[in-house]
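> return a 3D structure for these sequence lines:
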Amino acid sequence: MVREMSIAQLQAALADHSVVALYDNRGEGSFAARHIQGAQWLSVPDAAQGKKLPADKAALLVFY
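Model (predicted):
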């Protein structure tokens, strides 16, 4: 399921550790220049193929 969340909702989810993984899908250069602390870079094609994603399909994953 895909849903949008507000910045406040993301901050709350990060604070209570309910986010299993945080992924930055922008280009590598953008990721290197500025990303949310704790985020991992994951290209859109890799994400679409399920690469580097946790096995738990119910996990809360955040992509931006």
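
> just the pLDDT for M1.
With respect to pLDDT, M1 scores 79.

> number of residues surrounding it?
A count of neighbours around M1, defined by other CB atoms under 10 Å, yields 3. Glycine gets a C-beta too; all of them are placed from N, C-alpha and C.

> now it: how far from N25?
Here the criterion is CB to CB, to the nearest Å. By it, M1 lies 18 Å from N25.

> which SS class is G38?
What DSSP: H, G, I helix; E, B strand; the rest coil gives for G38 is coil.

> which one is it nearest to, not counting chain neighbours?
L22 (5.6 Å; CB to CB, 6 or more residues apart in numbering).

> so what sits opposite that neighbour in the bridge?
V62 (DSSP bridges).

> surely it is in contact with F31?
No. Using CB atoms under 8 Å, L22 is not in contact with F31; the gap is 11.6 Å.

> shared neighbours, these two?
Common contacts of L22 and F31 (CB atoms under 8 Å, 6 or more residues apart in numbering): A39.

> okay, strands next: where are they in the protein?
Secondary structure of the chain (DSSP state E): strands at 19-24, 40-41, 60-63.

> and the helix ranked longest in the chain, what does it pack onto?
Criterion DSSP state H: the longest helix present in the chain is helix 7-15. For helix 7-15, the packing partners by 3 or more CB pairs under 8 Å, 6 or more residues apart in numbering; DSSP states H and E come out as strand 19-24, strand 60-63.

> so how far is the longest one from its chain's centroid?
Its chain's C-alpha centre and that of strand 19-24 lie 3 Å apart, by CA atoms, centre = their mean, to the nearest Å.

> who's in contact with it?
10, 13-14, 30-31, 35-36, 38-42, 47, 53-54, 56, 59-64.

> and what of stretch 43-52?
Counting by CB under 8 Å, 6+ apart, residues outside stretch 43-52 touching it are 23, 25, 40, 42, 53, 63.

> just give the closest residue to F31, not the sequence neighbours.
F31 sits nearest to W41 (CB to CB, 6+ apart), 4.2 Å away.

> my guess is that neighbour contacts H35, does it?
Yes. Checked against CB under 8 Å, the pair W41 and H35 is within contact range at 7.3 Å.
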